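Visitor: below is the sequence, then the predicted model.
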Amino acid sequence: MNDSSWQPEPVPAGPAYDAQVGPHTRPMPIVPDAAGRDFDDREARDRGAAPYGGSLFRADTPPQEPMPSPPPPHAEHPQDSSPPPQKKRAGRDLRAAIGVGVGLGAVIFASLLIVKAVFVGVVVVAVVVGLWELTSRLQEKKGIKAPLVPLAVGGAAMVIAGYVRGAEGAWVAMALTVLAVLVWRMTEPPEDYLKDVTAGAFAAFYVPFLATFVAMLLTADDGPQRVITFLLLTVVSDTGAYAVGWRFGRTKLAPRISPGKTREGLLGAVAFAMGAGALCMEFLIDGGAWWQGLLLGLAVAVSATLGDLGESMIKRDLGIKDMGTLLPGHGGIMDRLDSLLPTAPVVWLLLAAFVGTG
């Protein structure tokens, strides 16, 4: 059997070898070590020769790089190296939001318990500030100059007229306010006149006219209880939508308008508002029944959600997140009135149908 591995190996050529063994030295046989590596005999191993085919001396052997340390267990599985999912967080400062909400609630309830007219004054202040925020953002972002002075004066008159004269007084004040906007804008150049007065008419309807229904709720004998029911159901609806949507929200309700709102959140708003409505109609409203509260809560949940989406649409068109910065954790006054304003006429109408306006 001819196996070259058993044949004597040729003497490697090169000056390093010649310097060690000389030109007439007999080549040493290759002796495999215990690990199967071919070394020259014991003498060669004693002087530190490298395995055949590598450097002849250890000093010539390039330094070996250290063996890399074994990777941590999670590195063997790339899918496990991703950071753990973070918990959902609210987009606002909850401490500030809760503190401001409690403060506003205290002012509202205190004004309701003292004198009804004081609460009407609170509504007037909220309307004027809301008009200022809305007209300021329109001018900053769109160049629309809706005249604030006639809107503020007419808005205050609208709320007071609704409280004193009811729906008839509110409509008259609304018409006079729009007329004042048309005339006031005539004192400036005609460019963009139509755009400015249209925005003024919209602002007059959107803020003070809808807020007038809150004052009209107050005119009944159980007016404070009706206002509390209106405010409580709106707040409970918003809270239910936030709590359920934050925990279980998966399906977007209107992603192009408000990506944070979900259908699950809307169901939470409906459930919370219907439960609160049944309790309020049973224990707060004179002559009310629990089943009426269920219908009232359902209507409030829908109107509050639509109001929130409506202002979100306005803010997206303006390219802003909040209407103002007056209320830490909430934004501006208009950011708190968004769901209240369209809900006020809904509550007034249903309570008038269920138990009358007296």
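Guide: Arrived safely, thanks for sending. Here the structure is a predicted model, which means the values were calculated and not measured.
Visitor: who touches the helix or strand encompassing Phe354?
Guide: Using DSSP states H and E, Phe354 falls within helix 340-355. Residues from elsewhere that reach helix 340-355 (C-beta atoms under 8 Å, 6 or more residues apart in numbering): 206-207, 210-211, 213-214, 216-217, 220, 226, 229-231, 233-234, 281, 285-289, 292, 295-296, 299-300, 303-304, 306-307, 310, 357. Glycine gets a C-beta too; all of them are placed from N, C-alpha and C.
Visitor: report the buried members of those residues.
Guide: The neighbour-count test (16 or more other C-beta atoms under 10 Å) marks 206-207, 210-211, 213-214, 216-217, 220, 226, 229-231, 233-234, 281, 285, 288, 292, 295-296, 299-300, 303-304, 307, 310 as buried among the contacts of helix 340-355.
Visitor: measure stretch 140-153 end to end?
Guide: Terminal residues of stretch 140-153 are spaced 22 Å apart (C-alpha to C-alpha, to the nearest Å).
Visitor: how far off centre is that stretch?
Guide: On the basis of C-alpha atoms, centre = their mean, to the nearest Å, the separation between the geometric centre of stretch 140-153 and that of its chain is 29 Å.
Visitor: also stretch 204-216?
Guide: Between the mean C-alpha location of stretch 204-216 and the chain-wide mean there is a distance of 28 Å, by C-alpha atoms, centre = their mean.
Visitor: what segments of the stretch 251-358 of the chain are strands?
Guide: Counting by DSSP state E, counting those that start in this stretch, the stretch 251-358 of the chain forms strands over residues 252-254, 258-262, given from the N-terminal end onward.
Visitor: given the first one, what are its sheet partners and their directions?
Guide: It refers to strand 252-254. The partner list of strand 252-254 in its sheet, established with DSSP bridges, is strand 258-262 (antiparallel).
Visitor: name the residues that touch the strand it pairs with?
Guide: With C-beta under 8 Å, 6+ apart as the contact definition, strand 258-262 has outside contacts at 91, 241, 245, 249-254, 305, 308-309, 312.
Visitor: could you dump those residues to JSON lines with pLDDT, distance to Met323 and neighbour count?
Guide: Formatted as JSON lines, the contacts of strand 258-262 follow (pLDDT from 0 to 100; distance: C-beta to C-beta, whole Å; neighbours: other C-beta atoms under 10 Å):
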{"residue": "Gly91", "pLDDT": "53", "distance to Met323": "16", "neighbour count": "8"}
{"residue": "Ala241", "pLDDT": "95", "distance to Met323": "20", "neighbour count": "30"}
{"residue": "Gly245", "pLDDT": "94", "distance to Met323": "22", "neighbour count": "22"}
{"residue": "Gly249", "pLDDT": "92", "distance to Met323": "24", "neighbour count": "21"}
{"residue": "Arg250", "pLDDT": "92", "distance to Met323": "29", "neighbour count": "8"}
{"residue": "Thr251", "pLDDT": "95", "distance to Met323": "28", "neighbour count": "11"}
{"residue": "Lys252", "pLDDT": "95", "distance to Met323": "23", "neighbour count": "15"}
{"residue": "Leu253", "pLDDT": "95", "distance to Met323": "21", "neighbour count": "19"}
{"residue": "Ala254", "pLDDT": "93", "distance to Met323": "19", "neighbour count": "17"}
{"residue": "Thr305", "pLDDT": "96", "distance to Met323": "18", "neighbour count": "25"}
{"residue": "Asp308", "pLDDT": "95", "distance to Met323": "13", "neighbour count": "22"}
{"residue": "Leu309", "pLDDT": "96", "distance to Met323": "15", "neighbour count": "16"}
{"residue": "Ser312", "pLDDT": "94", "distance to Met323": "11", "neighbour count": "19"}
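Visitor: CSV for these, including distance to Arg336?
Guide: Listed next are those as CSV, based on distance: C-beta to C-beta, whole Å:
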residue, distance to Arg336
Gly91, 16
Ala241, 15
Gly245, 19
Gly249, 22
Arg250, 28
Thr251, 27
Lys252, 24
Leu253, 20
Ala254, 20
Thr305, 15
Asp308, 11
Leu309, 16
Ser312, 14
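Visitor: closest to Arg185 out of these?
Guide: Of all these, Arg185 sits closest to Ser312, with 28.2 Å by C-beta to C-beta.
Visitor: is it true that the closest one touches Pro255?
Guide: No: shown here, Ser312 and Pro255 do not form a contact pair, counting by C-beta atoms under 8 Å, at 11.3 Å.
Visitor: immediately after the longest helix along the chain, which helix or strand?
Guide: Among the elements of type helix in the chain, defined by DSSP state H, the one spanning the most residues is helix 148-185. Using DSSP H and E, the helix or strand that directly follows helix 148-185 along the chain is helix 193-204.
Visitor: who's in contact with that following helix?
Guide: For helix 193-204, the external contacting residues (C-beta under 8 Å, 6+ apart) are 131, 134-135, 138, 144-147, 150-151, 154-155, 158, 174, 177-178, 181-182, 185-186.
Visitor: now list the buried members of those residues.
Guide: Buried residues within those, defined by neighbour count using 16+ other C-beta under 10 Å: 131, 134-135, 138, 144-147, 150-151, 154-155, 158, 174, 177-178, 181, 185.
Visitor: many thanks, we can stop here.
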